[in-house]
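Q: Got a sequence here, can you model it:
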Amino acid sequence: MSNSLICPNQLCSYGITIDECPQHLASPDHPSTHSVYCQDDDFRLPLTLNGATSGFMTRTSTVQEIETCRWIQLTNEHEWDPHSDAFALQESRFIDLQDYQGYYSNDRNIATVNTKACAN
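A: Purely as a prediction, here's the structure:
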């Protein structure tokens, strides 16, 4: 297989930390590890860049590697539906909660837009 894709949101939903920001683009107060991190196994997989796309090289494991190497599980047995509305709903609720708690207190939100011309 020449390309293998996995959705970062899927990994995050299973407790895997994805840091896709290249180290040279990270701000000094929030440095980047540019990696995939599994806390349960204390395992970090460094990412590399192919152009502007973060990723890592994969290949088919040998029988010896399958039998002797440590296994790191990035997903689980639960069905993954990338088209589910659940993520959008959870994001919306999170933003609403942050707004309610004053997290975005310096932001101004547009509640309505009037497209009719104003009378003088």
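Q: any idea what sits nearest Thr17, other than its immediate chain neighbours?
A: Tyr37 (4.2 Å; C-beta to C-beta, 6 or more residues apart in numbering). Any C-beta I mention is one placed from the backbone N, CA and C, and that applies to glycine too.
Q: what kind of secondary structure is the one you found in?
A: What DSSP: H, G, I helix; E, B strand; the rest coil gives for Tyr37 is strand.
Q: isn't it right up against Leu47?
A: No: checked against C-beta atoms under 8 Å, the pair Tyr37 and Leu47 is beyond contact range at 10.6 Å.
Q: Have a look at these two and say which one is more surrounded.
A: Leu47 (21 against 15; other C-beta atoms under 10 Å).
Q: Now do the contacts for that one.
A: Asp19, Glu20, His34, Ser35, Val36, Ser54, Gly55, Phe56 (C-beta atoms under 8 Å, 6 or more residues apart in numbering).
Q: Out of the residues you listed, grab the one that's most surrounded.
A: Result: Val36 is most packed of those (other C-beta under 10 Å), 22 neighbours.
Q: quick one, what contacts that residue?
A: Per C-beta under 8 Å, 6+ apart, neighbours of Val36: Leu11, Ile16, Thr17, Ile18, Asp19, Arg44, Leu45, Leu47, Phe56, Leu74.
Q: Quick check: which ranges of this structure have low pLDDT?
A: 1-4, 100-120 (pLDDT under 70).
Q: Swap in 90 and give it another go.
A: Within the chain, the segments meeting pLDDT under 90 span 1-15, 53, 56-59, 72-84, 86-88, 90-91, 94-120.
Q: still on that earlier bit, out of the contacts of Leu47, which are inside helices?
A: Secondary structure from DSSP state H places none of the contacts of Leu47 in helices.
Q: Output the residues you listed in TSV; the columns should cover distance to Ser27.
A: TSV is the format used below for the contacts of Leu47 (distance: C-beta to C-beta, whole Å):
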residue	distance to Ser27
Asp19	13
Glu20	15
His34	14
Ser35	17
Val36	21
Ser54	17
Gly55	23
Phe56	24
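Q: Please consider this matter closed, and thank you.
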